[in-house]
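Enquirer: kindly generate the corresponding structure for this input.
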Amino acid sequence: MAEAIRLTDPQEIERNPDNPRIIFHQDELDALQESIRQQGILVPLTVYEDKAKLFLLDGERRWRCALKLGMSRVPVIVQPKPDPLQNLMMMFAIHHRRKDWDPLPSALKLRDLERMFTERQGRSPTEAQLAELASLTRGEVRRFKKLLRLPDEYIKELMKELKKPRSEQVITVDHVLEATNAAAILHKRQVITAREEEQLRKAILKKFRTGVIKSTVAPRILARMSRAVARNEITQAVVHKVVRRVIDEPNYTLEKAFSESIEQADFEHSLEQLLERVIERLEEHRRRRYKPSKSVAEALQRLRKIL
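Expert: Here you go, the predicted structure:
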């Protein structure tokens with residue numbers, strides 16, 4: 001059972017080495033620090049004791065602010081010491097509810113959680129088990145694993161970006177994943193080579209940095225190109241040509257690549273799908289032997305005129 005609240009010198013508390021959250025933005029800390037300066041710490045820190053030392057389970061931001069303010073006492077609740085696997089599971093459970101949870105540090109800790117489980121059980125956890133252990137959804141687990149498959153240079157760059165104030169961050173996890181997914185889809189469709197896949201990812205990220213690409217989801221345009229190739233609406237050669245321009249020309253946009261390759265085919269594919277639905281509805285209208293209303297009759301006349 002947890003002990004009652006007690007007052008402790010924050011200097012005697014150490015951070016939890018398994019905390020998935022390792023990035024603390026100064027502007028957010030400043031706001032919390034001012035609140036603590038005026039009102040004190042309203043929610044006690046949660047800690048566990050190990051060899052006469054206290055380690056944080058929850059409340060690292062409050063602890064950091066208390067140290068900065070030079071506070072001599074902070075309220076804490078002492079919990080029983082968890083084992084390493086329980087500790088990491090508890091860290092995930094606590095921090096999963098935080099809106100500002102950074103995905104990359106969490107992905108790295110998820111790898112540790114998976115390793116600990118494997119060492120204890122003698123087998124790797126299933127996706128569902130790992131999601132349950134980390135208090136995540138299976139979709140979040142898959143997303144984190146995609147991050148872990150990124151080359152080290154991208155992980156290092158993302159960690160460097162995470163240390164900046166949010167307003168100064170240019171490249172985020174979503175930028176890298178969108179660029180990676182777009183390039184991978186074209187490679188899978190054999191539109192580009194493995195070497196070009198990496199060149200395309202780098203080119204997209206560079207265009208994000210320079211502002212040539214402004215929307216995080218803009219690389220999905222390349223997936224639409226891939227689908228057009230799969231439907232035989234356009235040749236691989238045409239798409240490859242514009243993709244090479246994306247790679248080679250710093251100011252060549254994805255929108256330009258789209259307009260110069262599959263814009264018409266993509267529009268007509270959407271139009272074809274819409275017409276199929278209209279035809280189905282008209283046939284259903286006829287089977288029901290409805291008498292067309294005036295508005296429907298006028299709409300059909302306009303359609304007939306266009307055709």
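
Enquirer: what secondary structure does residue 217 sit in?
Expert: Taken by DSSP: H, G, I helix; E, B strand; the rest coil, the conformation at residue 217 corresponds to coil.

Enquirer: just give the closest residue to residue 180, not the sequence neighbours.
Expert: Counting by Cβ to Cβ, 6 or more residues apart in numbering, residue 180 lies nearest to residue 201, which is 5.7 Å off, once chain neighbours are set aside. No exception for glycine: its C-beta is placed from N, CA and C like everyone else's.

Enquirer: count of residues packed around the one you found?
Expert: Here the number of neighbours of residue 201 (other Cβ atoms under 10 Å) works out to 24.

Enquirer: same check, this time on residue 30
Expert: Each residue near residue 30 was counted by other Cβ under 10 Å, and the total is 12.

Enquirer: now the one 3 residues further on
Expert: Residues lying near residue 33 (other Cβ under 10 Å) number 18.

Enquirer: now the helix or strand where it lies: mean pLDDT?
Expert: Counting by DSSP states H and E, the secondary-structure element that holds residue 33 is helix 26-39. Averaged across helix 26-39, the pLDDT comes to 85.

Enquirer: what's next to the strand or helix carrying the residue nearest to residue 180, contact-wise?
Expert: When secondary structure is defined by DSSP H and E, residue 201 falls within helix 194-210. Defining contact as Cβ atoms under 8 Å, 6 or more residues apart in numbering, one finds that helix 194-210 is touched by 170-171, 175-176, 178-180, 182-184, 186-187, 192, 213, 216, 219, 222, 243-244, 246-248, 250, 253-254.

Enquirer: same question for stretch 262-281.
Expert: Stretch 262-281 has contacts (Cβ under 8 Å, 6+ apart) with 224-225, 228, 231, 233-234, 238-239, 258.

Enquirer: from those, which two are the most distant?
Expert: By the measure Cβ to Cβ, 231 and 258 form the most distant pair in these, at 15.5 Å.
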